[in-house]
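# my questions are about this predicted structure, shown below with the sequence.
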Amino acid sequence: MRGLLFFFFGTMCLGSNAQLLPSFGNSRTGTAGMQFLKTGVDARSMGMAGAVASSPNDASTMYWNPAGITQIDSGTKYNLTLNHCGYFAKTKLEQIAFVYKQKYGYWGFQLLSFRSPNMKETTEFQPDGTGRTFSFSDVLIGLSYSQQLTNNFSFGISSKYVNESFAGVTTNNVLFDLGLFYDIHLRNTRFAAVISNFGINVKPRGEVTALKLSGPSTTSDLSAYSAPSLFRVAVSTLVFRKKDNLLMGTLQLNHPGDNNETFAFGFEYEYRKLLIARTGYEFGADENGFPSVGVGIKLPKRYGGLRFDYGWQHKPVFGSVQRIGIVASFK
């Protein structure tokens, strides 16, 4: 399996611009709204460039693969994850995720918020501002259920209420995720397949006032748009384990409905089940930057465990993004 991992890694390096699945009209950039649904939320995952669909670790995994929440209990009954990200242009991305294990399966809840401060409205004729301001706010409330059908196979489904508010225009939608997870119990090799943000097109509500040379012009006839559907398939495996050292590797194909395919790899190194180092890279992204990096520290407790995570990404045009996270598990 280690040879298979490096084979796929080499394939990505040689053909990172190739499409493995049909794109149905090139990149289709700009054909979907609610783009915050494609922005990674947690420090651990983004330290590995988002290549985590097949390597679940905490409650935030329901964002990547709802089937993965069956793999995160580690002898505990509850898992709580808090994540914060200071994103580009002074925006903030935050998530609360909670997983509860019961007799007949696993239940998960997540709350995600993406918002901006007030920004000045500008036009081509008033580049210094029109005197008006606007802001946006995105909210996701999700409920997940997952069950382990066999020792190898798990499935999961998420339902999500999504609200997007931008300059007085509001859009509401209900979306679904479906995830599959398979563990072959050999060198900790695991496979995953996920369909995210499946739903119908919705029409925004509200009025938009545009400033034109002839004066203000208001319209409420807005076009319906879709959510950014996304298909992921991933494989994770144990690269090596020796005494207190463990290294896991993950490869992941991301196929969005409104952009080109990307390939990502991620590595997570753990020393004495205490210190963690992570890195990853995404090939084919619109803006290629440096590899992502991240660190973590575990503090085992009698009641469960506590972990602190930090993730860092850099994009040449927009700059750096930092994420912090706290994971707590309880018996």
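Right, received. Where do you want to start?
# does residue 157 touch residue 176 like I think?
Yes: applying Cβ atoms under 8 Å, one finds residue 157 in contact with residue 176, separated by 6.7 Å. To be clear about C-beta, it is placed using only N, CA and C from the backbone, and glycine gets the same treatment.
# which sections of the stretch 51-200 of the chain are below the confidence cut-off?
Along the stretch 51-200 of the chain, segments meeting pLDDT under 70 span 74-75.
# residue boundaries of the helices in it?
When assigned using DSSP state H, counting those that start in this stretch, the helices of the stretch 51-200 of the chain occupy the ranges 61-64.
# for residue 310, what are its contacts?
Each residue near residue 310 by Cβ atoms under 8 Å, 6 or more residues apart in numbering is listed here: 43, 47, 294, 295, 296, 322, 323, 324, 325.
# among these, which one lies nearest to residue 121?
residue 322 (28.8 Å; Cβ to Cβ).
# distance check, that closest one against residue 314.
10 Å (Cβ to Cβ, to the nearest Å).
# if we can go back for a sec, okay if I get the contacts of residue 310 as JSON lines plus distance to residue 183 and secondary structure?
Below are the contacts of residue 310 laid out as JSON lines (distance: Cβ to Cβ, whole Å; DSSP: H, G, I helix; E, B strand; the rest coil):
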{"residue": "43", "distance to residue 183": "25", "secondary structure": "helix"}
{"residue": "47", "distance to residue 183": "23", "secondary structure": "helix"}
{"residue": "294", "distance to residue 183": "24", "secondary structure": "strand"}
{"residue": "295", "distance to residue 183": "27", "secondary structure": "strand"}
{"residue": "296", "distance to residue 183": "22", "secondary structure": "strand"}
{"residue": "322", "distance to residue 183": "32", "secondary structure": "strand"}
{"residue": "323", "distance to residue 183": "27", "secondary structure": "strand"}
{"residue": "324", "distance to residue 183": "30", "secondary structure": "strand"}
{"residue": "325", "distance to residue 183": "24", "secondary structure": "strand"}
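# closest to residue 141 among these?
residue 325 (19.6 Å).
# state the pLDDT value of the closest one.
Note on residue 325: pLDDT of 97.
# give me the distance between the residue nearest the centre of the chain and residue 292.
By Cα atoms, centre = their mean, the chain has its centre lying nearest to residue 40, at 3.3 Å. In this view, residue 40 and residue 292 are 9 Å apart by Cβ to Cβ.
# what do these two both touch?
Taking Cβ under 8 Å, 6+ apart as the criterion, residue 40 and residue 292 both touch residue 46.
# residue farthest from the centroid of this structure?
Most remote from the centre of the chain, using Cα atoms, centre = their mean: residue 214, at 43.9 Å.
# next, give phi and psi for that one.
phi -80, psi 0 (degrees, to the nearest 10).
# quick check: end-to-end length of stretch 279-287?
18 Å (Cα to Cα, to the nearest Å).
# typo on my end, stretch 186-200
40 Å.
# pull out the buried positions in that stretch.
Within stretch 186-200, the residues that count as buried by 16 or more other Cβ atoms under 10 Å are 188, 189, 190, 191, 192, 193, 194, 196, 197, 199.
# how close does residue 61 get to residue 144?
Shown here: residue 61 relative to residue 144, a distance of 10 Å by Cβ to Cβ.
# any common contacting residues for the two?
In contact with both residue 61 and residue 144: residue 69, using Cβ under 8 Å, 6+ apart.
# tell me which of these two has more neighbours.
Ranked by neighbour count (other Cβ atoms under 10 Å), residue 61 and residue 144 place residue 61 first, with 33 against 27.
# and the more buried one, what does it touch?
Contacts of residue 61 (Cβ under 8 Å, 6+ apart): 52, 68, 69, 71, 72.
# these two touch, right, the third one and residue 155?
No: applying Cβ under 8 Å as the test, residue 69 and residue 155 come out as separate, 11.0 Å apart.
# for the stretch 51-200 of the chain, what spans make up the strands?
Under the criterion DSSP state E, counting those that start in this stretch, the stretch 51-200 of the chain contains strands at 78-86, 92-102, 105-115, 119-120, 133-134, 136-148, 153-166, 169-183, 190-198.
# lovely, talk soon.
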